[in-house]
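Colleague: whatever this is, show me its structure:
(one chain, ligands or ions: 2)
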Amino acid sequence: MAEGNDVFDVIVIGAGPVGENAAARVVHGGLTAAVVEERLVGGECNYYACVPSKALLWPMELATEVDRMPGLGLRGPIEAPAVFARRDEVVSHFDDSGYVNWLEKLPATFVRGRGRLAGPLRVDVAVPEGGTRSLSARHAVVLATGSAPAIPDVPGLREARPWTNREATSTRQTPKRLIVIGGGPVACEMTQALHALGAVESTVLVREDRLLTRTEPFAGELVARSLAESGIDLRFGRSLARVERQANGGPVMVQTDDGSRFEADEILVATGRRLGVYDIGLETVGMRPDGPIEVDASMRATAVPDGWLYAVGDVNGLNLLTHMGKYQARICGDVIAARAHGRTDDLPSLRDRADALGAPQVIFTDPQVCAVGRTEAQARADGFRTRIVDHDIGAIVGAQLQVPGYVGRARLVVDEDRRVLLGATFVGPAAADLLHGATIAVSAEIPLEKLWHAVPTFPTTSEIWLNLLQEYGL
Ligand SMILES: Cc1cc2nc3c(=O)[nH]c(=O)nc-3n(C[C@H](O)[C@H](O)[C@H](O)COP(=O)(O)OP(=O)(O)OC[C@H]3O[C@@H](n4cnc5c(N)ncnc54)[C@H](O)[C@@H]3O)c2cc1C
Ligand SMILES: NC(=O)c1ccc[n+]([C@@H]2O[C@H](COP(=O)([O-])OP(=O)(O)OC[C@H]3O[C@@H](n4cnc5c(N)ncnc54)[C@H](O)[C@@H]3O)[C@@H](O)[C@H]2O)c1
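Modeller: Ligands and ions are numbered 1, 2, ... in the order given. The predicted model follows:
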């Protein structure tokens, strides 16, 4: 291979949180790296997903908590312009120069443009000034191309220029009448945020018969109850038949398969993700863009001979969550460095265990939905002899002190043969604080008899652990 300025040990395509972390670990491991990004360094997560959505949600959550506490209370509605201004701050006003500096200081070489594989260990970058910059890698190419919003193929939907997470999280104005399509985390979080910020007439059209279908059924039920109590109109079992909006703008009309019609100022499509496998040159290395990039536990793409291609984050479809992608990126960067230096590459820390155990996730609705590991249904489907332990979080003194009238529920999924936790779910206000204990218990497979000695403090909500273990029979 010809050596020159554009030859690096490793090339990372995509500089979302996951690509950035892969590059940092590669450099930390003593290798050189180039990072290619066509849009903003920081990725969907930092500008149009996790970070801005939470900036829009926190005020709603705080306001709700304050309103629940006797003696306090919100005076007047949330001031949407102030919330949008703070959102703009946390997304650095959509300026990625801070992240670019961080990358360059690693040090890594930053290349702005669209990257495409151009055969083994080669990447062509279509640069903004026109033309192509050809890069070569000595050891590995890492795909961290993430995902983009998926828009279902419904007559008139694209022509109606719907909002996706990108418009919803970056808006500076709230539509008064909003229709949301989908019942997953994006639909639930963004409906609540926008409703609190002025979308007074919000309607959610859900294809299934419940919200958040990947979580325990009671999680979707509690979130649905909360949405309905705040005045959000939830319609289950509805599929889109047709969407219409005049070419020159105006209201949008949605017809569902049962013939019902809904009208709103804006429609938000929250129907999942299109993985970043298209137009990235997969065919030049014998692959096809027909699904997630399948990887082994060291994040190496299984379809490519000689093991030089890796895929981390949303693009491998394992768990579409920032913290899981970053975990994979740490493994991937360290494995690449170990292999390049001829060091042992099969240490336990160099293999992905967490994805298969079940990723921890917090859905930042009110109530929060916090889960790790398997649900009851998943555990049974996977053939475990399973026992379920449920408890009302509202029965815990600490929970009632913190949130008067606390409504919430917790569930442990126990593997009866090994007496370890397969999963845990906590739903309720501020329940996120309970999750990491569960994540440790599930990932370390701590026997319940040992967990019994992890004494929760009084009076905190963590005493739910004591009640759950007592309920189990300890
Ligand atoms: C509204 C919303 C809220 C979310 N909230 C949370 C949350 O609270 N917590 C959580 O853990 N997860 C959350 N997620 C999921 C999270 O955003 C993703 O899991 C995360 O962004 C994945 O990171 P990534 O780096 O793999 O991909 P991305 O963030 O999508 O970044 C990929 C990057 O690659 C670039 N790219 C793609 N193709 C190319 C190419 N060919 N050449 C050059 N560059 C390219 C893109 O421009 C992009 O910058 C949320 C998602 C949404 C939509
Ligand atoms: N706090 C968090 O951790 C957080 C927040 C937001 C998103 N995320 C992650 O981002 C990813 C994307 O979230 P999402 O909510 O967009 O996707 P999702 O796949 O979780 O949910 C999509 C929803 O849209 C529905 N749907 C799909 N196609 C449809 C169609 N053609 N017509 C009508 N409905 C349709 C599905 O039935 C489902 O209810 C997920 O993996 C999610 O976990 C995480």
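
Colleague: mind listing what's buried along the longest strand anywhere in the chain?
Modeller: Longest strand in the chain, counting residues (DSSP state E): strand 132-143. Using 16 or more other CB atoms under 10 Å as the test for burial, strand 132-143 gives 133, 135, 136, 137, 138, 139, 140, 141, 142, 143. From N, CA and C alone the C-beta is placed, and that goes for glycine too.

Colleague: now swap in stretch 208-227 and tell me
Modeller: Applying a neighbour-count criterion of 16+ other CB under 10 Å, one finds 210-212, 215-216, 218-220, 222-224, 226-227 buried in stretch 208-227.

Colleague: nearest to residue 194 among these?
Modeller: If you rank the buried residues of stretch 208-227 by distance to residue 194 using CB to CB, residue 227 comes first, at 11.8 Å.

Colleague: among the buried residues of stretch 208-227, name the ones in helices.
Modeller: Of the positions in the buried residues of stretch 208-227, 218, 219, 220, 222, 223, 224, 226, 227 sit in helices, assigned by DSSP state H.

Colleague: tell me which other helices or strands whichever helix or strand comes after the longest strand of the chain touches.
Modeller: Following the chain from strand 132-143 toward its C-terminal end, the next helix or strand by DSSP states H and E is strand 147-149. Strand 147-149 is packed against strand 273-275, with contacts defined by 3 or more CB pairs under 8 Å, 6 or more residues apart in numbering; DSSP states H and E.

Colleague: close to ligand 1, is the very next helix or strand once past the strand it packs on?
Modeller: Note on strand 273-275: by DSSP H and E, the next helix or strand toward the C-terminus is strand 309-311. No: under the criterion of CB under 6 Å from any ligand atom, ligand 1 is not reached by strand 309-311; the shortest gap measures 9.5 Å.

Colleague: let me know the pLDDT of the nearest residue to residue 309 once chain neighbours are set aside.
Modeller: Leaving aside its chain neighbours, residue 309 sits nearest to residue 301 (4.3 Å; criterion: CB to CB, 6 or more residues apart in numbering). Residue 301 is assigned a pLDDT of 98 by the prediction.

Colleague: now residue 75
Modeller: 77.

Colleague: re the thing from before, okay if I get the buried residues of strand 132-143 as CSV plus pLDDT?
Modeller: Listed next are those as CSV, based on pLDDT from 0 to 100:
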residue, pLDDT
133, 97
135, 98
136, 98
137, 98
138, 98
139, 98
140, 98
141, 98
142, 99
143, 99
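
Colleague: name the nearest of those residues relative to ligand 2.
Modeller: Among these, residue 143 lies closest to ligand 2 (CB to the nearest ligand atom), at 18.0 Å.

Colleague: what's the burial count for the residue of the chain found nearest ligand 2?
Modeller: Ranked by CB to the nearest ligand atom, the top residue of the chain for proximity to ligand 2 is residue 184, at 2.3 Å. By the measure other CB atoms under 10 Å, the count of residues near residue 184 is 19.

Colleague: equivalent analysis for residue 260, please.
Modeller: Using other CB under 10 Å, residue 260 has 12 other residues around it.

Colleague: could you do residue 114 as well?
Modeller: 18.

Colleague: wait, it touches residue 125, no?
Modeller: Yes: taking contacts as CB atoms under 8 Å, residue 114 lies within contact range of residue 125: 6.8 Å.

Colleague: residues shared between the contacts of these two?
Modeller: Counting by CB atoms under 8 Å, 6 or more residues apart in numbering, the shared contacts of residue 114 and residue 125 are residue 36.

Colleague: near ligand 1, which residues of the stretch 51-200 of the chain? Just list them.
Modeller: For the stretch 51-200 of the chain, the residues in contact with ligand 1 (CB under 6 Å from any ligand atom) are 53, 54, 114, 115, 144, 145, 146, 147, 165, 169, 186.

Colleague: of those, list those near ligand 2.
Modeller: Of those, the ones that also sit near ligand 2 (CB under 6 Å from any ligand atom) are residue 186.

Colleague: just give me the closest of the residues of the stretch 51-200 of the chain next to ligand 1 to ligand 1.
Modeller: Lowest distance from ligand 1 to these (CB to the nearest ligand atom) belongs to residue 146, with 2.1 Å.

Colleague: look at that closest one and report its pLDDT.
Modeller: Reported pLDDT for residue 146: 98.

Colleague: in the stretch 201-350 of the chain, where is pLDDT below threshold?
Modeller: Applying pLDDT under 70 to the stretch 201-350 of the chain picks out no residues at all.

Colleague: name the residues of it found near ligand 1, please.
Modeller: So the stretch 201-350 of the chain meets ligand 1 at 276, 280, 313, 314, 320, 321, 322, 323, 325 (CB under 6 Å from any ligand atom).

Colleague: tally up the residues packed near the first one, please.
Modeller: Residue 276: 24 surrounding residues under other CB under 10 Å.

Colleague: kindly report the same for the fourth one.
Modeller: One way to gauge burial is a neighbour count; for residue 314, by other CB under 10 Å, it gives 29.

Colleague: can you check the third one too?
Modeller: Using other CB under 10 Å, residue 313 has 37 neighbouring residues.

Colleague: three-state assignment of residue 339?
Modeller: What DSSP: H, G, I helix; E, B strand; the rest coil gives for residue 339 is helix.

Colleague: again with residue 389
Modeller: Going by three-state DSSP: residue 389 is strand.

Colleague: quick check: it touching residue 470?
Modeller: No: the pair residue 389 and residue 470 fails to qualify as a contact (CB under 8 Å) at a distance of 9.4 Å.

Colleague: the more surrounded of the two?
Modeller: Set residue 389 next to residue 470 and count neighbours by other CB under 10 Å: residue 389 wins out with 19 against 12.

Colleague: wait, what's in contact with the residue lying closest to residue 245 once chain neighbours are set aside?
Modeller: Distance criterion CB to CB, 6+ apart; nearest residue to residue 245, sequence neighbours excluded, is residue 160 at 4.0 Å. Residues in contact with residue 160 (CB under 8 Å, 6+ apart) are 243, 244, 245, 252, 267.

Colleague: in those residues, find the pair that's most separated.
Modeller: Maximum pairwise distance among the contacts of residue 160 (CB to CB): 10.5 Å, between 244 and 267.

Colleague: which neighbours do the two share?
Modeller: By CB under 8 Å, 6+ apart, the residues touching both residue 244 and residue 267 are 160, 252.

Colleague: higher neighbour count, the two?
Modeller: residue 267 (26 against 16).

Colleague: please, which helix or strand holds that one?
Modeller: Going by DSSP H and E, residue 267 is part of strand 266-269.

Colleague: who's in contact with that strand?
Modeller: Contact partners of strand 266-269, identified using CB under 8 Å, 6+ apart, comprise 149, 151-152, 157, 160, 162-164, 167-168, 175, 177-182, 187, 190-191, 194, 243, 252, 254.
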